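Visitor: How does the following fold in three dimensions:
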Amino acid sequence: MPFIDDAAARILKTLLSIFFMRTTLLQDWQFSYERLAHSAHRFAQQLDDARTDNQRLNKTAVQIAEGLLFGFYQNRPANKCWTALVHQAKSQRMVKDAYRIAAMLIQQTDSAKASGAA
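Guide: Presented below is the predicted three-dimensional model:
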């Protein structure tokens, strides 16, 4: 599966889980599957634009981006407006943070493996 397809599917899955876990009553104008799919694809495109040659880093960054999205929408009452799913400026920051955190995580994992192997 191409990277962007996988990333979009994972992001859409995350957005759907957040939507269905919410206790907020949403109106029709606040939610549509079309908008979710569009937002997921746009976010995945940003992940694809930031993609590196390191496949491990790319896959880890997608998973971390899922967690960042979950935290962003689930834990902040101000982010209940589903008409503005994943604002462009916020998603760019999340993508940057996802890759930065993924690099740190991989470095920690590799360091732990190296020190355990010695």
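Visitor: longest helix of this protein?
Guide: helix 88-117 (DSSP state H).
Visitor: Can you name every helix or strand that that one contacts?
Guide: Counting contacts by 3 or more CB pairs under 8 Å, 6 or more residues apart in numbering; DSSP states H and E, helix 88-117 is packed against helix 33-49, helix 55-75. The way it works is simple: take the backbone N, C-alpha and C, and place the C-beta from them, glycine included.
Visitor: any chance of those in JSON lines, with mean pLDDT, mean neighbour count and distance to M104 too?
Guide: As requested, these are arranged in JSON lines below (pLDDT from 0 to 100; neighbours: other CB atoms under 10 Å; distance: least, CB to CB, whole Å):
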{"stretch": "helix 33-49", "mean pLDDT": "89", "mean neighbour count": "17", "distance to M104": "17"}
{"stretch": "helix 55-75", "mean pLDDT": "90", "mean neighbour count": "18", "distance to M104": "10"}
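Visitor: out of those, nearest to R10?
Guide: Proximity to R10 (CB to CB) singles out helix 55-75 among those, at 5.7 Å.
Visitor: For stretch 55-67, C-alpha coordinates in PDB please.
Guide: Taking C-alpha atoms only, stretch 55-67 is exported to PDB below (Å, rounded to 0.1, in the frame of the first residue of the first chain):
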ATOM      1  CA  GLN A  55      10.800   4.000   6.300                       C
ATOM      2  CA  ARG A  56      11.000   3.200  10.000                       C
ATOM      3  CA  LEU A  57      10.900   6.900  10.800                       C
ATOM      4  CA  ASN A  58       8.000   7.500   8.400                       C
ATOM      5  CA  LYS A  59       5.900   4.700   9.900                       C
ATOM      6  CA  THR A  60       6.600   5.800  13.400                       C
ATOM      7  CA  ALA A  61       5.800   9.400  12.600                       C
ATOM      8  CA  VAL A  62       2.400   8.400  11.200                       C
ATOM      9  CA  GLN A  63       1.600   6.500  14.400                       C
ATOM     10  CA  ILE A  64       2.700   9.500  16.500                       C
ATOM     11  CA  ALA A  65       0.600  11.900  14.400                       C
ATOM     12  CA  GLU A  66      -2.400   9.700  15.200                       C
ATOM     13  CA  GLY A  67      -1.700  10.200  18.900                       C
END
